[in-house]
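J.: This is a predicted model, with the sequence first.
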There are 2 protein chains.
Amino acid sequence: MRKLIIEARVNEYMMREQGNPHVPYSPQEIAADAQACREAGAAILHFHARQPDGQPDHAAAAYADTVERVRASSDILVHPTLGYVTLDASGEERLDHILAMAKDPARAPHFAPIDMGSVNVDRYNAQARRFETTNLVYKNSTETLVYFAQNIREAGMKPYLVSWTIGFTRYAGAFLDMGLIDEPAFICFCLTDNTFLGGHPGTLKGLQAHLDFLPADRRVEWTVVNFGGNLFSLAAAIIAQGGHISIGLGDYHYPELGQPTNADLVRRIAEIARELGREVATPAEAKAILAMT
Amino acid sequence: MRKLIIEARVNEYMMREQGNPHVPYSPQEIAADAQACREAGAAILHFHARQPDGQPDHAAAAYADTVERVRASSDILVHPTLGYVTLDASGEERLDHILAMAKDPARAPHFAPIDMGSVNVDRYNAQARRFETTNLVYKNSTETLVYFAQNIREAGMKPYLVSWTIGFTRYAGAFLDMGLIDEPAFICFCLTDNTFLGGHPGTLKGLQAHLDFLPADRRVEWTVVNFGGNLFSLAAAIIAQGGHISIGLGDYHYPELGQPTNADLVRRIAEIARELGREVATPAEAKAILAMT
C-alpha cells in the first residue's frame, strides 16, 4: 500500500473563541504551525489567510506573505484556498491570487482546490432546528470548473478536487475522460457534520457512498475531510482502505482531546497509521504518489 | 406492504424527434395520455406544458388549461412542474401559476415539486466527451425552499420532494424536523443517466446510496425516476423494497421497447408489481398512503 499522505487543514474560518486557542491566524503563526505539523508527519498544509483578529483576509498579499514564510521554513507542500470574495465570483477573480503566486518560485503553491459542483452552504443547527443563514449557494458552473482545471495545470500546480457528493465525483470522472485533469486525480471527500447538509454525513456509510462511485478504470488518490466533525472515528477505516487523511482545527476544534494543536492531531493520525502498519509520506514522497513534477 | 403508486412522467422537455412520436405536447394530448395512463395503473400524472411544436410553454394559462382537461376526464392526481423561466428565478415567479390554479377546484393540482438543493444541470455527452452546455446551475436556495414548502402546504397541496443526491435528502430531513413538511414526506430520488452528472447513476448502487440516507425515525414514502435512462433495470428492486415508481417518456424514450406509449410503460410496471405480489394503488389509495386530504 502506498504511504499515507497527511494534510493539515490548519484554520479555514474557525475562530479561537469557538473553543480552541491554537487556531493560527497570522502568516507567522501559520508558518510556525506548518513547521510543527511537518515535524509531526504532515506532507501538505491547507490554509486560509486571516487578519490578526481572525477575520478572513482576501488580499493577495496576505496569501503571498504566508506562502513565502511557509516555504522558507519547511518543505511542506502548500495548498492555499481560493480567494473567493463572494460565493459566485467569477473563476478569474477566485483564482487570480493563486496564479500570481505561481509565477514566483518562492511563493508558488503546490495545489489549488476545485469544488467539482454547486451546493447550498447554509449552516443548519440541528439542536435548534434552524438554518443560521438562508441564502448561500456555492456556485461552481461547469465553465468555471473548466477554467480552474486548465489554468491550475498550466501554472504547474496539482488540482485538489473537492467532492461534496456523488455528482461531484462524477464530474471528476468526466474531467479525467476529457483530459482536463491528469492521473492520478487527487480527490478530497468533504463529509459535513454539524454544519452544512450538502455533504455526506461523517459516518462509515457516508464515506462508503463516496467510495462506491470512484471513476472506474482511472487512477485516483483520495483523502477525507470531516468538516464540522471528529475525523478520528473514520481514520482507521480510511487508512486501512488506502485513503489519505486531511485533518485540522479548521474543520473541528476537537474538544474530545482538550485543546489540541494541529500538530497534535497530525501526530495522532501518524500513530494510528503505524499501528495499522502503514508508513507516512514525506512531502517528496507525496509528490511522487501524486505524480507531481 | 403498502400498494404501489405509479406516477406517469409523460413529457418533461422530451422532443418527439428524439425517437418516440408518442410524447404528448398539447393540453388535449396530455389529457388523453393521462386517461390512458390511469387505465393502465398510474395514480399520478406529472407533466410540463408545451407549445404545439413541443417548445416549453411557461404561460400560466397553458398549465391551467391542461390541468382542467385532465381533471375533467380522469381522477388521476395531478403534478405539474414549476414554471421556472430561468434556473435562478425567484421562488415567487416559479410557484405563481401553481398557487393561482390551487384556488380553483377545477384546476387545483395535487402536488408541486421542490428540488431540495442546488446542482449543476449541464448535459454531458459521455460518448463525445464533452458538455453540451457549460453554464447551467439550478439554484434552489434554502430561502426559496422554505418559501415553496410553506406556500405549497398553505395552498392544500402535497410537496413532492426531489432528491438528486444525499445532501438533498438531508435537507428533506431538516425540513421534517423544522415542521415545514408533514409526514409522510414524499421523496423522489432522481437518478441521472446519459444527461446530467448531478444525480446518482441509474444503478442499484446509485439507488442504495439514496436509501442509506433516508431520515431516521421519520415516515417517508419514496419513488424513483431515472432521468435519461431505462428504469426497468431497477423496477423490481424498487417495488420489492416498498418504493414507488415514476416513469415515462419524459425521462427516456425507451427504444428497447420499440416506440412505447406512456401507458405501455405504466402497464409494464403494473405487471411487474403483480408478478411480485404487490398491488397497484388507485389515485384515492395513493392519497391515503400519502396522508393527503
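T.: Good, I have the coordinates.
J.: can you tell me how far residue A:103 sits from residue B:290?
T.: Residue A:103 sits 60 Å away from residue B:290, going by Cβ to Cβ, to the nearest Å. All C-beta spots, glycine's among them, are computed from the backbone N, C-alpha and C.
J.: So between those two, which is more surrounded?
T.: It is residue B:290, of residue A:103 and residue B:290, that has more neighbours when counted by other Cβ atoms under 10 Å in any protein chain shown, with 24 against 10.
J.: who touches the more buried one in this structure?
T.: Residue B:290 makes contacts with B:5, B:158, B:184, B:186, B:221, as judged by Cβ atoms under 8 Å, 6 or more residues apart in numbering or on different chains.
J.: Can you give the distance of the helix or strand where the fourth one lies from its chain's centre?
T.: The one in question is residue B:186. Assigned by DSSP states H and E, residue B:186 belongs to strand B:185-192. Distance of strand B:185-192 from the chain centroid (Cα atoms, centre = their mean, to the nearest Å) equals 8 Å.
J.: Quick one: work out the angle between the helix or strand just after that strand and helix A:204-211.
T.: Going down the chain from strand B:185-192, the next helix or strand is helix B:204-211, by DSSP H and E. Helix B:204-211 and helix A:204-211 meet at an angle of 150 degrees, taking axes from the mean of the first three to the mean of the last three Cα atoms, to 10 degrees as the criterion.
J.: Using PDB, write out the CA atom coordinates for helix B:204-211.
T.: The C-alpha coordinates for helix B:204-211 follow below in PDB (Å, rounded to 0.1, in the frame of the first residue of the first chain):
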ATOM      1  CA  LEU B 204     -28.600  -0.500  -7.800                       C
ATOM      2  CA  LYS B 205     -25.600   1.200  -6.100                       C
ATOM      3  CA  GLY B 206     -27.000   4.600  -7.100                       C
ATOM      4  CA  LEU B 207     -30.300   3.700  -5.600                       C
ATOM      5  CA  GLN B 208     -28.900   2.200  -2.500                       C
ATOM      6  CA  ALA B 209     -26.800   5.300  -1.800                       C
ATOM      7  CA  HIS B 210     -30.000   7.200  -1.600                       C
ATOM      8  CA  LEU B 211     -31.900   4.700   0.600                       C
END
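J.: Could you name the helices and strands sitting against it?
T.: helix B:166-177, strand B:185-192, strand B:220-227, helix B:232-240 (3 or more Cβ pairs under 8 Å, 6 or more residues apart in numbering or on different chains; DSSP states H and E).
J.: for it, which positions count as buried?
T.: Buried residues in helix B:204-211, counted by 16 or more other Cβ atoms under 10 Å in any protein chain shown: B:206-210.
J.: Could you do stretch A:149-163 as well?
T.: Residues of stretch A:149-163 classed as buried: A:149, A:151-152, A:155, A:157-163 (neighbour count, 16+ other Cβ under 10 Å).
J.: now do stretch A:41-60
T.: For stretch A:41-60, the neighbour count (16+ other Cβ under 10 Å) marks A:41-50, A:54, A:56-58, A:60 as buried.
J.: just the residues you listed now: which is nearest residue B:108?
T.: Taking Cβ to Cβ as the measure, residue B:108 sits nearest to residue A:56 out of the buried residues of stretch A:41-60, at 48.6 Å.
J.: low-confidence ranges in the stretch 51-200 of chain A?
T.: The model of the stretch 51-200 of chain A has pLDDT under 70 over residues A:83-88.
J.: For the stretch 151-293 of chain A, what lies in contact range of chain B?
T.: For the stretch 151-293 of chain A, the residues found near chain B under the criterion Cβ under 8 Å from any Cβ of the partner chain are A:164-167, A:170-171, A:174, A:177-178, A:196-201, A:205-206, A:209, A:212-213.
J.: Mind giving me the ChimeraX command for buried ones among these?
T.: Restricted to buried positions by 16+ other Cβ under 10 Å, the ChimeraX selection for those reads:
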select /A:164,165,166,167,170,171,174,177,196,197,198,199,200,201,206,209,212,213
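J.: related to what we said a few turns ago, in JSON lines: the buried residues of helix B:204-211, plus pLDDT.
T.: Listed next are these as JSON lines, based on pLDDT from 0 to 100:
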{"residue": "B:206", "pLDDT": "98"}
{"residue": "B:207", "pLDDT": "98"}
{"residue": "B:208", "pLDDT": "97"}
{"residue": "B:209", "pLDDT": "98"}
{"residue": "B:210", "pLDDT": "98"}
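J.: Which one of those residues is nearest to chain A?
T.: Distance to chain A across those (Cβ to the nearest Cβ) is lowest for residue B:209, with 4.4 Å.
J.: Spatially, what comes nearest to the closest one if we skip its sequence neighbours?
T.: residue A:209 (4.4 Å; Cβ to Cβ, 6 or more residues apart in numbering or on different chains).
J.: so how far is residue A:117 from that neighbour?
T.: 15 Å.
J.: Also residue A:197?
T.: The gap separating residue A:197 from residue A:117 is 15 Å, by Cβ to Cβ.
J.: give the contact list for the residue lying closest to residue A:226 once chain neighbours are set aside.
T.: Distances taken as Cβ to Cβ, 6+ apart place residue A:202 nearest to residue A:226, at 4.0 Å, with adjacent residues excluded. For residue A:202, the contacting residues are A:191-193, A:226, A:228-231, A:233-234, by Cβ under 8 Å, 6+ apart.
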